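*Asks:* with the input below, show me the fold.
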Amino acid sequence: MVSMSPVNYAGLALYFVTLGVSMVASYRESSPAKRVVSLGLIAITWFFILRFSLLYPTTEWYQQGLNLFDVAYADVIWGGSEGSWSWTQMLLCWAVVATVWTLESPLHYQLFGLFGAMSGSYCLIRLESEPSQHVPASLLVATLLAFVCVWMLPNTLTMRELSWWLWGLHACLIWPKMLSFGWKIDRGVLYMVLAFLSFATHVTSSRILSPWPTSDCQISISVDVLASSGLTLAFIGSQSPFWVLPVWTVLLYLASPGFVLGAFCGLQHMRPLRSSLVVTLQHQGAQLLRSWFPAEADATPADASWMNLGYWQSAQSYDEACCNLAELVARKAGLKEGKGSKGSTEGKPKILCVGCGPGAELHLFQSLGACAEGLDVHGAPGVRVGRAESMASGVNRIRCREYSKILAVDSMYHFDKARFLKECAKLMPSSLTYTDIVLRNGAPVWVRLMLCAMDIEWKNHWTEPEYRLYLSDWEATIQSLEPQVLARNPLLPRFLTKHLDYVLVHAKPKTLARPTCAVIGSGMSGLISAHLLEETHEVVIFEAGPRCGLVGLQQDLAGVAVDVPLRFMMPHYYTQLLKVINTLGVPTKAVPYNASYQNGANMLLVTSTDWAGHILQHIRYVPYLAMLMFTVFFRQELPNETFLEYMQRHHLHEHEAYRIYSLHLSWMLSCTYEQANNTPAGVVLGFIRASNPFVRMYQSSGNILRLYPSMRALQERLLQGKNLKVNSPVSPFHGSRCIDGVTYDVVIVATDAPAAGYLLGGEWQEMLSQIHHHTGRIVVHKDPDLMPCKREHWRTFNIREDGPNGTCQITVWLNKFWDRNDLEEDLFETWNPAQMPRSDLMIKDVELARATYTRSMHKLWPWIQGRQGKDGFYVAGAYAVEGMSLLEQACVSAIMAANAVQHASHHIGDEHPSCSGFVDKKHQ
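*Replies:* Numbers count the residues shown, from 1 in each chain. Purely as a prediction, here's the structure:
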């Protein structure tokens, strides 16, 4: 017998370690139902693989010292007419396409799929609801090379050659998760390219009709093919009408699963490209109509950017017909020429024209006395970029009553009409006026197919009775404009237009009442919850202090504004807050992370300011960090276990790196070392998992971000259009939601825990009193005596282990934090100063209380969530959800509170129909 080489054994060990780690990580993030499906698939596929593995030592391959996995692949790739290649290539091509499909998912799913069971892994993935439209060119290179590897596999002649191409294929499928480069390409186009390659591979491989699988390996991979096919059809079924599923099922059988997944995703992602193509065709059609129906030589020059179907009753030219259609909409909306003074917006109605394209109608509406603004997905000079279907939702939205009227000229049929009407209800305009194409009763299916080809989706093919159902929450009139629109357009065939109607819709909301909400506190939780609830509620923010609480302690100096406390974020932990920040368009900047650590005058560690030196300094910590992260990811904490107890149980508390990490926890939690050690283990472990020091230590920048220029930028965006009442302390509620004589439908208490307990009283006060607090001191100053003795040891973050009362002192060198080397003086911000700065160098001195957590919090957090909404009261704050009591938890608690209020609003019914959610009455 020829034994396997040490390299083979090392490869097997690496294989099983990688598979085990990736499996555990994948199952930790999935739902119970998905785990059951995955385990069922694995039980079937691995049964045959394990049976093959047990019989492997009795085969001649084993006697030859061949790798078990290479032999397994050879069994499903080689064999010619007796082999199973036509089944195998379907799975491999599908895996290449699925690499693009699951690009945003973590790497461990990919590793689990490649080394374990493809379908067993991919059925666990939760896909992004809005995946990126553009991907790096490196993904194109990787997937094309992957197809080259697939094509070469059946042409290999030796086991070594087969092994190299297999390794190449695995590398090409893993590489996009770890490295990206190059320009951005359209994802839909990439999908279509891969779909074509999958189809070509399938067709060429099917020349040899493979028999049904017979060996264990062939049966196992065939089961994976069937499961992947089912996963593809399940995804298509969740994204499209039921009637298209049989079509894709037939294509899956004829053209392969890879083709179907690529083609379906390509069509989804190419919607913007399709829309752009339709716009181009519309533009060409407009130019053609303009040449057929030119304006009179002595006529007033028309706007050549007009591009709609036109109203032709008295029009002599195409531009005149377009202008007539827009003017018809304007007159129906009540716009009258001459209203308001010329050149001024005073007294003019503010209108929003949705889907306005280049904005030709905006000039007309402005001439009719309106202050007109546009919204279009493509954008144009002076036109707001956005989608009509989400214009009133999310963080960066149009505010309620920002516009008095909403108009849409010849664009409604390109929107998701049901969602658009829901968004309009949130904005509460005085009227909604638009034109639309309506399907006549009894229209044949081919009419719908032709409309789909014109980028009018199937779900937008409404008949007039269906239309009236959708508009039942509005006082609406529907006026037919035929035969002066579609029937008069020479580009539209008569056999199509006779099944269509073109209508002018004018609608007014039946009620302008919205529920009211009082938000108590203007910190991070208060502002975010108010911003989210403004979408459906009339919100008033009450602040007891003289200024908004988010940056109420900010210190303005010459040329800079100092946040007190200083705000910075780790992007891998502050995920929800950064989503809000990015959506609002508030810029961020990377903070250089370098630090000095000292105890008294003794320097413990001074990190290098260059990347290579930093890596060399931290090499000695790699074994500890690897052990730490392995333990944190795969060894759960015990019930009521503290962080120190967890670290002691796993013998991780005696290393030098733990001493450094304890310093970080003390200043991150703004508490003593003892309080940090007594924090519930799950709180700190969640932070460690997200920050992952074993991985992040290799990154040269981007591990810490700050808002630019300061936190005030976020506060201003969140406060835009809000009703903030400062110097307005609120008295205890005693069960009543009445403030200053006004009773609010909903009250969100977004203060700290003691204030929330005081305002809510009763059981709330008793339970919230369990939260302990630590009072710390923050000083802004110019005293270098609080820095390391030698200036060469100064770093952005300077941590001193022997701070006062069992805490650490941290001094941030603001010049480096802001990257402001132009400042003439050194500025510092110090937490828990071991000695006070000189009085003549002191700028600001404040004391702040911070919540600290004990074992009892595991009972308190569920209690808080269970009481949300009782008697119309909700709480939001960093203490209200499990976590490190940082700004991320403040943001998460605000989102959860706002979602709870929105959910409860659906039960308000007819009392506040504008916020009760849009009901698809067609399917009631």
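
*Asks:* just to check, G355 is in contact with F415?
*Replies:* Yes - G355 is within contact range of F415, at 6.9 Å (criterion: Cβ atoms under 8 Å). (Each C-beta comes from the backbone N, C-alpha and C, glycine too.)

*Asks:* between these two, what contacts are shared?
*Replies:* Listed contacts common to G355 and F415 are A388, A408; contacts here mean Cβ atoms under 8 Å, 6 or more residues apart in numbering.

*Asks:* tell me where this structure is predicted with low confidence.
*Replies:* 1-12, 65, 80-82, 128-129, 206-210, 297-303, 337-347, 512, 695-702, 906-924 (pLDDT under 70).

*Asks:* need the contact list for the residue lying closest to Y646 once chain neighbours are set aside.
*Replies:* Take Y646 and drop its neighbours on the chain: the residue closest to it by Cβ to Cβ, 6 or more residues apart in numbering is A681, 4.0 Å away. Shown in contact with A681 (Cβ under 8 Å, 6+ apart): E637, L638, E641, T642, F643, E645, Y646.

*Asks:* quick one: end-to-end length of stretch 723-736, please.
*Replies:* Stretch 723-736 has an end-to-end distance of 21 Å (Cα to Cα, to the nearest Å).

*Asks:* so V779, which of the three states?
*Replies:* strand (DSSP: H, G, I helix; E, B strand; the rest coil).

*Asks:* L841 is in contact with that one, correct?
*Replies:* No - look at V779 against L841 with Cβ under 8 Å: they stay out of range, at 9.8 Å.

*Asks:* quick one, which of these two is more surrounded?
*Replies:* Remark: of V779 and L841, V779 carries more neighbours, 22 against 15, as counted by other Cβ atoms under 10 Å.

*Asks:* for P837, see how far away that one is.
*Replies:* Between V779 and P837 the distance is 6 Å, computed by Cβ to Cβ, to the nearest Å.

*Asks:* shared neighbours of these two, anything?
*Replies:* Residues touching both V779 and P837 (Cβ under 8 Å, 6+ apart): T830.

*Asks:* okay, L469 and F643: tell me how far apart.
*Replies:* As judged by Cβ to Cβ, L469 and F643 stand 57 Å apart.

*Asks:* those two - which one has more neighbours?
*Replies:* Each of L469 and F643 has its neighbours counted (other Cβ under 10 Å); F643 has more, 23 against 14.

*Asks:* I'd say the more buried one and N677 touch.
*Replies:* Yes - with contact defined as Cβ under 8 Å, F643 and N677 form a contacting pair (5.9 Å).

*Asks:* give me every residue that touches L887.
*Replies:* L887 sits in contact with M524, R567, M569, Y574, L577, A878, where contact means Cβ under 8 Å, 6+ apart.

*Asks:* can you rerun that using 6 Å?
*Replies:* M524, L577 (Cβ atoms under 6 Å, 6 or more residues apart in numbering).

*Asks:* again with the one 4 residues further on
*Replies:* Applying Cβ under 6 Å, 6+ apart to C891 gives the contacts I528, Q576, L577.

*Asks:* most neighbours among the residues you listed, which one is it?
*Replies:* I528 (29 neighbours).

*Asks:* element containing that residue, please.
*Replies:* Element membership of I528, judged by DSSP states H and E, is helix 524-533.

*Asks:* name the helices or strands packed onto that helix?
*Replies:* Applying 3 or more Cβ pairs under 6 Å, 6 or more residues apart in numbering; DSSP states H and E, one finds that helix 524-533 contacts strand 516-520, strand 538-542, helix 887-905.

*Asks:* how many neighbours does E763 have?
*Replies:* Using other Cβ under 10 Å, E763 has 12 neighbouring residues.

*Asks:* excluding chain neighbours, what is closest to it?
*Replies:* Using Cβ to Cβ, 6+ apart and skipping residues adjacent in sequence, the residue nearest E763 is R867, 8.0 Å away.

*Asks:* likewise for V24?
*Replies:* Distances taken as Cβ to Cβ, 6+ apart place F634 nearest to V24, at 5.6 Å, with adjacent residues excluded.

*Asks:* need phi/psi at the one you found.
*Replies:* Here is the backbone geometry of F634 (degrees, to the nearest 10): phi -120, psi 0.

*Asks:* what of R800?
*Replies:* Dihedral angles phi and psi of R800 (degrees, to the nearest 10) take the values phi -120, psi 120.

*Asks:* quick check: the residue nearest to it when sequence neighbours are not counted vs S596, distance?
*Replies:* Distance criterion Cβ to Cβ, 6+ apart; nearest residue to R800, sequence neighbours excluded, is Q809 at 4.1 Å. According to Cβ to Cβ, Q809 and S596 sit 12 Å apart.

*Asks:* same question for Q576.
*Replies:* As for Q576, its distance to S596 is 32 Å (criterion: Cβ to Cβ).
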